[in-house]
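Undergrad: Let's see this in three dimensions:
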Amino acid sequence: MPQGQAVKIKKKKKSVLKNIRQTAKRAAINRMNRTRVRTAIRRMRAALNAKDAAGAEKLAPETYSELDKAIQKRTLTENTANRYKSRLALALNGLKAARKA
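TA: Next up is the predicted model:
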């Protein structure tokens, strides 16, 4: 449009407004689920980095459970969650082995 002319604003239909509301609600739920998973992973990694095998072992089931819930809620894909679980398990087993040796 040439400069200085009024821009036409298209009126939003009911369905568009409903879609906006649904998207906002879904985004909030996804953010909450993703935050919960990231916090659990962060806690376990902190325990692993602190060489706290007992604490990490206690956090492992909770962390794996959060990852499984994220798969169910489609916050994370199955492969991604399984990769996280695998890497955390490897780190935990390595810490246990180093502690025994």
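Undergrad: Regarding the residue most central in space within the chain, which helix or strand does it belong to?
TA: Central residue of the chain (CA atoms, centre = their mean): residue 34, 2.7 Å from the mean position. Element membership for residue 34, per DSSP states H and E: helix 14-49.
Undergrad: so what's the residue nearest to the centre of the chain closest to, chain neighbours aside?
TA: residue 75 (5.4 Å; CB to CB, 6 or more residues apart in numbering). C-beta coordinates here come from the backbone N, C-alpha and C atoms, glycine included.
Undergrad: And the average pLDDT for the helix holding residue 34 is what?
TA: Averaging pLDDT along helix 14-49 gives 96.
Undergrad: immediately after it, which helix or strand?
TA: Following helix 14-49 in sequence, per DSSP H and E, is helix 53-72.
Undergrad: and that following helix, what other elements does it pack with?
TA: Applying 3 or more CB pairs under 8 Å, 6 or more residues apart in numbering; DSSP states H and E, we find helix 53-72 packed against helix 14-49, helix 78-100.
Undergrad: Figure out which of those helices is closest to residue 7.
TA: Nearest to residue 7 among those is helix 14-49; the distance by CB to CB comes to 18.3 Å.
Undergrad: Give me the packing partners of the closest one, helices and strands only.
TA: helix 53-72, helix 78-100.
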